[in-house]
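Trainee: give me the fold of what follows.
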Amino acid sequence: MVDHDLCYTPATDLIRSYLAREISPVEVVQNSLERIEEVNAALNCFCFVYPEEALAKAKIAEDRLHKGDGRPLEGVPIAIKDFTPTKGKVTTRGSRLLQDWVPDWNPVVVERLEAAGAIMVGKTTTPEFATSGFTDSPLWGITRNPWDPARTPGGSSGGSGAAVASGCVPLAEGTDMGGSVRIPAALCGVVGHKPSLGRIPMDIIDTVYDNISHFGPLARTVSDAALFLDIAQGEHPSDIQSLPRCQLDNPVPGDVEGMKFALDVTLGFCAVDPGVESNLRASAAALADAGAVIEEIDLGWDSNIVEMWEGTWGIFMAAAYDQLTDVPLDENRDRMSEGLVKWIELGRTIDAVTARQWEFERTKYWHKLGAVLEKHHALICPTMAVTAPPVEMRDWDFGGTNDAGMFECMDMTGAFNYMAQCPALSVPSGFADGLPTAIQIVARRYDDALALNIGAAVEQAAPWSHRRPKI
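Mentor: Numbers count the residues shown, from 1 in each chain. As a prediction, this is how the structure comes out:
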């Protein structure tokens, strides 16, 4: 029988229970594997599971703890996104083009998590090459939301979001180039953090000069996200942009007394569902009750920032495809997702001068946000403009303009990958029509501790934080 209370125990609590010898890593990992078996047929959040290896490592973890030799994540089950290479294990990136790829190396993030004692129980589903806000790939099919399987868990770390939300694991790794950690965190009702650019070394793409790509945790609590970040962070020669370690408190205190936050519901251009807005304002009110000052502002951005990010992402995918294979796109088209083909074709239409001009425009958007963050500790806004859409929808079903002249967004995340040095944290803000909503906290440059501290203050005021999906 699956112990559902154990399924929803945060990693920080598991570690305390291990040290007190109240429970064994073998019990926890076994329970994690049984929970995966219980829900995966319905959710499709894992594409690979490693029961024998995970249990063998759990027994080693148990022995280490008994000898007083436990490491910071000793015996904690985790999931790794199938976009992220894992040594000796098939990594498909959701694509038929890589369905037989077995990497012979681990990236730094995996090395550090495993060196801290974490046990990878499986790999989570992703849309092809992490290119969509909907997790549905030609290889693995549709991944579903634990709160309503007719809805998407988001993407591209949708499998990781669904795995944490359904109690399969307390921690999962994700990647975020346009919201791919924060989108599934928001739609699945868990915590998702895009750290400052370089906080966790990014060494799984073929360039160290990309400036929108991040690793980040999906977790049950803000303190669990901080624990993941503290273990994974720190400079490394594999990434020229990687940062030195920063100080992170755990448990995260959640003290916002005297802080000042800027509230913008729309970022100047997004149409936001009423339930999302209502819960955002309730979270802002909770921060005010905790001693913060809330100032509602108009950031003054417009939808052109979304269109520029989409072009940048298209350029990235077009170049990445050519780096991966010399097979012409038309010969692989039928084996690939429609969305990935669209991104590649878009990228091939954009000339270098236009892309350079976007940097000039991007700078103007930063100056507006930078001016806000000079006077405020953080900007708060929705993570998603909507609750989880039906699984049949696709990214291109969004993007029109409503009768009020507002841009019909799905996510409100990609623009902040353009401001990559600013950490962005998604924390649950409540429910609307039975589906999770979330607040997005965009903090001052490189101050991940600040973002997590604000998120903890929201979490501490959150009666919904202990709700579980019925699946």
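Trainee: in the stretch 1-150 of the chain, which spans are helices?
Mentor: 4-7, 11-19, 25-43, 51-66, 108-115 (DSSP state H, counting those that start in this stretch).
Trainee: and the third one, C-alpha only, in PDB?
Mentor: What it means is helix 25-43. Below are the C-alpha coordinates for helix 25-43, written out as PDB (Å, rounded to 0.1, in the frame of the first residue of the first chain):
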ATOM      1  CA  PRO A  25      15.500   5.700   2.900                       C
ATOM      2  CA  VAL A  26      14.600   2.200   1.700                       C
ATOM      3  CA  GLU A  27      11.000   2.800   2.900                       C
ATOM      4  CA  VAL A  28      10.900   6.200   1.200                       C
ATOM      5  CA  VAL A  29      12.300   5.100  -2.100                       C
ATOM      6  CA  GLN A  30      10.100   2.000  -2.200                       C
ATOM      7  CA  ASN A  31       7.100   4.200  -1.500                       C
ATOM      8  CA  SER A  32       8.200   6.600  -4.300                       C
ATOM      9  CA  LEU A  33       8.400   3.800  -6.800                       C
ATOM     10  CA  GLU A  34       5.000   2.400  -5.700                       C
ATOM     11  CA  ARG A  35       3.500   5.900  -6.100                       C
ATOM     12  CA  ILE A  36       5.000   6.200  -9.600                       C
ATOM     13  CA  GLU A  37       3.500   2.800 -10.500                       C
ATOM     14  CA  GLU A  38       0.100   4.000  -9.100                       C
ATOM     15  CA  VAL A  39      -0.200   7.200 -11.100                       C
ATOM     16  CA  ASN A  40       2.100   7.000 -14.100                       C
ATOM     17  CA  ALA A  41      -0.400   5.200 -16.400                       C
ATOM     18  CA  ALA A  42      -2.800   8.100 -15.900                       C
ATOM     19  CA  LEU A  43      -0.300  11.000 -15.900                       C
END
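Trainee: make JSON lines from the helices of the stretch 1-150 of the chain and add distance to residue 451 to it.
Mentor: C-betas here are computed from N, CA, C, even on glycine. Conversion of those to JSON lines gives the following (distance: least, Cβ to Cβ, whole Å):
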{"stretch": "helix 4-7", "distance to residue 451": "27"}
{"stretch": "helix 11-19", "distance to residue 451": "18"}
{"stretch": "helix 25-43", "distance to residue 451": "28"}
{"stretch": "helix 51-66", "distance to residue 451": "31"}
{"stretch": "helix 108-115", "distance to residue 451": "19"}
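Trainee: tell me which of those helices lies nearest to residue 154.
Mentor: helix 25-43 (12.9 Å; Cβ to Cβ).
Trainee: got the domain ranges for this protein?
Mentor: 4-232, 260-298+364-466 (automatic domain parsing).
Trainee: now the strands for the stretch 351-471 of the chain?
Mentor: Applying DSSP state E, counting those that start in this stretch to the stretch 351-471 of the chain gives strands spanning 378-382, 424-432, 435-443.
Trainee: who wins for proximity to residue 23 among those?
Mentor: Of these, nearest to residue 23 by Cβ to Cβ is strand 424-432, at 26.1 Å.
Trainee: mean confidence (pLDDT) on stretch 395-406, please.
Mentor: Mean pLDDT, computed over stretch 395-406, is 96.
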